[in-house]
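Participant: Structure for this input, please:
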Amino acid sequence: MSEPILKIEDLRARVAESDGDDILRGVTLEIEAGKIHAIMGPNGSGKSTLAKVLAGHPGYEVTGGRVAFRGEDLLEMEPDERARAGVFLAFQYPVEIPGVSIANFLRTAVQARKGEEEVDLFEFQEQLMEKMALLGMDTSFAMRSVNQGFSGGEKKRNEILQLAMLAPSLAIMDETDSGLDIDALQVVAAGVNKLLQDDPEMGVLLITHYQRLLNFVKPHHVHVMVAGRIAESGGPELAEKLEAQGYESWREAETAA
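Facilitator: Residues are numbered from 1 along each chain as shown. Next up, the predicted model:
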């Protein structure tokens, strides 16, 4: 069996420069190439903290455990090094960047990903048009300022376009379904599915509250996170169980422990 893309062992983390308790309290998880893992859990369970810690957010401090990304120590990498190595984070609340077009933003990001190798303008434009066509996006979208005046669905589609252009090894999607109506959710899910078909070796970590996203993006594995730990793992049927029963039984088990 090949080495997983991401291997998390007993990961613990808290808010940086605080004396507070750990938010992540021993997370262990492996993500393989070509597999979709979904993490579900109630508010405050540590889902978004996990995403930010993996991306290298300076607001969090790792207090224990190990994380290997493609065999390398992820926790020793700076955030920009993680991104260049192939870790992508789709934010729950994407920020606006007035005056910077999506095309220029993406070209800068692709250049940073490639390092010293110069990005050819014409090749970049060709690739951008190709990915926008794949995602069913109008080419005029590339000329708009990043997320300025965008609807929730447009912001998330922009994140999917970034994902397509950067072609990471690992895509972490933090509550991509947050604030989307059903039409926008279907559009975003269709984009994710097309990218997975285009790059079947990419590993994906989907973080969500609800099973509805998983109706459109089918996970191979589902994990329940409660109180900073993975409380249970299973197949897609586990998401259906959560939708029907909620998190109360796992909360009670955690309290009893």
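Participant: what sits against His220?
Facilitator: Counting by CB atoms under 8 Å, 6 or more residues apart in numbering, His220 touches 35-37, 235-236. Every residue, glycine included, has its C-beta placed from N, CA and C.
Participant: let's see 6 Å
Facilitator: If you count contacts by CB atoms under 6 Å, 6 or more residues apart in numbering, His220 has them with 35-36.
Participant: which residues pair with the residue nearest to the spatial centre of the chain across the strands?
Facilitator: Geometric centre of the chain, nearest residue: Ile172, 1.7 Å, by CA atoms, centre = their mean. Beta-bridge partners of Ile172, counted by DSSP bridges, are Leu89, Leu205.
Participant: low pLDDT regions in this protein?
Facilitator: For the chain, the stretches flagged by pLDDT under 70 are 1-2, 116, 251-257.
Participant: ok, which stretches of it are strands?
Facilitator: 6-15, 24-31, 36-40, 60-69, 72-73, 87-90, 97-101, 145-146, 170-174, 203-208, 221-226, 229-234 (DSSP state E).
Participant: Could you count how many residues lie near Thr176?
Facilitator: Using other CB atoms under 10 Å, Thr176 has 24 neighbouring residues.
Participant: Against Leu205, how distant is it?
Facilitator: Counting by CB to CB, to the nearest Å, the gap between Thr176 and Leu205 amounts to 11 Å.
Participant: Also Ile102?
Facilitator: 24 Å.
Participant: Then Ile31?
Facilitator: From Ile31 to Leu205 the distance is 6 Å (CB to CB).
Participant: okay, and the common contacts of those two?
Facilitator: Taking CB under 6 Å, 6+ apart as the contact rule, the neighbours common to Ile31 and Leu205 are His37.
Participant: For the two, indicate the residue with more neighbours.
Facilitator: Leu205 (25 against 22).
Participant: mind checking how far that one is from Leu213?
Facilitator: Noted for Leu205: a distance of 13 Å to Leu213, by CB to CB.
Participant: Format the strands of the chain as CSV; extra columns: distance to Glu126.
Facilitator: Formatted as CSV, the strands of the chain follow (distance: least, CB to CB, whole Å):
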stretch, distance to Glu126
strand 6-15, 31
strand 24-31, 31
strand 36-40, 29
strand 60-69, 30
strand 72-73, 32
strand 87-90, 22
strand 97-101, 17
strand 145-146, 21
strand 170-174, 23
strand 203-208, 26
strand 221-226, 36
strand 229-234, 42
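Participant: Mind checking those for the one nearest to Arg113?
Facilitator: Ranking those by their distance to Arg113 (criterion: CB to CB) puts strand 87-90 first, at 9.6 Å.
Participant: could I get the closest one in CSV with only the CA atoms?
Facilitator: Only the C-alpha atoms of strand 87-90 are listed here, as CSV (Å, rounded to 0.1, in the frame of the first residue of the first chain):
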residue,chain,number,x,y,z
VAL,A,87,-1.7,22.0,0.1
PHE,A,88,-4.7,24.1,-0.8
LEU,A,89,-7.3,25.6,1.7
ALA,A,90,-10.6,26.8,0.4
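Participant: just to revisit the earlier point, looking at the strands of the chain, spot the one closest to Met129.
Facilitator: Of all these, strand 97-101 comes closest under CB to CB, at 14.6 Å.
Participant: Now do the same contact list for Pro79.
Facilitator: So Pro79 contacts Gly56 (CB under 6 Å, 6+ apart).
Participant: hmm, 8 Å instead?
Facilitator: 55-58 are the contacts of Pro79 under CB under 8 Å, 6+ apart.
Participant: repeat for Ile36
Facilitator: The contact partners of Ile36, taken as CB under 8 Å, 6+ apart, are 196, 203-204, 206, 217-221.
Participant: Filter those residues down to the buried ones.
Facilitator: Among these, those that count as buried by neighbour count (16 or more other CB atoms under 10 Å) are 196, 203-204, 206, 217, 219, 221.
Participant: This completes my enquiry, with thanks.
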